[in-house]
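Engineer: A predicted structure for the sequence below; I have some questions about it.
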Amino acid sequence: MNESEQPCLAVSRVAIAGEMTIFTARDWRDRLLSAMEAPGDVELDLGMVSEVDAAGIQLLVSLVLEARATDRALRLVAVAERITEAFEFCRLTDFFREALPAQA
């Protein structure tokens, strides 16, 4: 197996706790972009998000688009109810479907 055939085992994991709003999106963006620049896939833990607005949703959409453009996986390993509700309200559930955890 040559170097290009070896699977990439690196995973960057970022946990977001608290707000994902216009007031915090820039800080989260910087952290998330660093994770996206690292080799391998990205796991995003949104289980402790207390509030999300359009800026937070926009950030998540841009991460999914970046992951798709670079042929990497972006997995949401935990999703707070507020995030799920926002996806449904914005009709983005299908857009995020491949990133969302499998339903039990």
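Structural biologist: That came in fine, so what should we check first?
Engineer: Dead centre of this structure: give me the residue that sits there.
Structural biologist: With distances taken as CA atoms, centre = their mean, residue 44 lies nearest the centre of the chain, 4.7 Å away.
Engineer: Give the full set of residues in contact with it.
Structural biologist: 13, 14, 16, 32, 63, 74, 75, 76, 77, 99 (CB atoms under 8 Å, 6 or more residues apart in numbering). (C-beta placed from N, C-alpha, C; glycine too.)
Engineer: Which one of these is nearest to residue 86?
Structural biologist: Relative to residue 86, the closest of the contacts of residue 44 is residue 76; by CB to CB it sits at 12.5 Å.
Engineer: and residue 32, helix, strand or coil?
Structural biologist: Secondary structure state of residue 32, per DSSP: H, G, I helix; E, B strand; the rest coil, is helix.
Engineer: Touching, it and residue 63? I think so.
Structural biologist: Yes. The criterion here is CB atoms under 8 Å, and residue 32 meets it with residue 63 at 5.9 Å.
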